[in-house]
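# need coordinates for the below:
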Amino acid sequence: MPFKDTITIGGRSGAAVNLNFSVGVGGDNGPADVMLVQTMFHYLAHVNGKWMPYNGFSPEALPSITGKCDDKTMRAIRLFQQSHATRLLKLDGLIEPAKYSDRTIQSKDDRVLTITLMHLLASERHWQQQGGHYIAGLVKIMPDLWSWLG
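Sure, this is the predicted structure:
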């Protein structure tokens, strides 16, 4: 199940979302973790409810928020990773949980895990959104996430 975590980047700490289990090709694909990933894709593709072309995603390429790691979700993960290949540690179709405890990411430009890059992009995007921190935006899109992220 996803959870709210604390990430430290360049000496500054803040809230971030994280996974308990991996999502994607060969992953554990627990419904709540998959739902978080699907919701993150939707958050990154919209600003205040309006479609914004993002990373080559067309509206048809976005997976539905079902909690099921279907073919469309796996294609979206691969597309996301391919679109950000220079910023990621791995391009394997899998989103793995990050280990933030007792760790500082030196710069937002470091190569990171996919879930960490999703956090960084969502943090940048939240300045364009109404409603504050991106975690609140995720819960607004998918209220079921509240029990894990609230």
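
# okay, now the residue lying closest to Ile9 once chain neighbours are set aside: neighbour count?
Nearest residue to Ile9, sequence neighbours excluded (C-beta to C-beta, 6 or more residues apart in numbering): Ile105, at 4.6 Å. To be clear about C-beta, it is placed using only N, CA and C from the backbone, and glycine gets the same treatment. Residues near Ile105, counting by other C-beta atoms under 10 Å, number 18.

# please apply the same query to Thr39.
With other C-beta under 10 Å as criterion, Thr39 counts 24.

# tell me which element it falls in.
Counting by DSSP states H and E, the element that carries Thr39 is helix 31-45.

# average pLDDT across that helix?
Per-residue pLDDT values over helix 31-45 give a mean of 94.

# and what of stretch 103-118?
88.

# same question, stretch 75-82
94.

# only C-alpha atoms, please: export that stretch in PDB.
Extracted in PDB, the C-alpha atoms of stretch 75-82 (Å, rounded to 0.1, in the frame of the first residue of the first chain):
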ATOM      1  CA  ARG A  75       2.900   0.800 -21.500                       C
ATOM      2  CA  ALA A  76       2.500   4.000 -19.600                       C
ATOM      3  CA  ILE A  77       5.300   3.100 -17.200                       C
ATOM      4  CA  ARG A  78       7.600   2.200 -20.100                       C
ATOM      5  CA  LEU A  79       6.700   5.400 -21.900                       C
ATOM      6  CA  PHE A  80       7.400   7.500 -18.800                       C
ATOM      7  CA  GLN A  81      10.700   5.800 -18.300                       C
ATOM      8  CA  GLN A  82      11.700   6.200 -21.900                       C
END
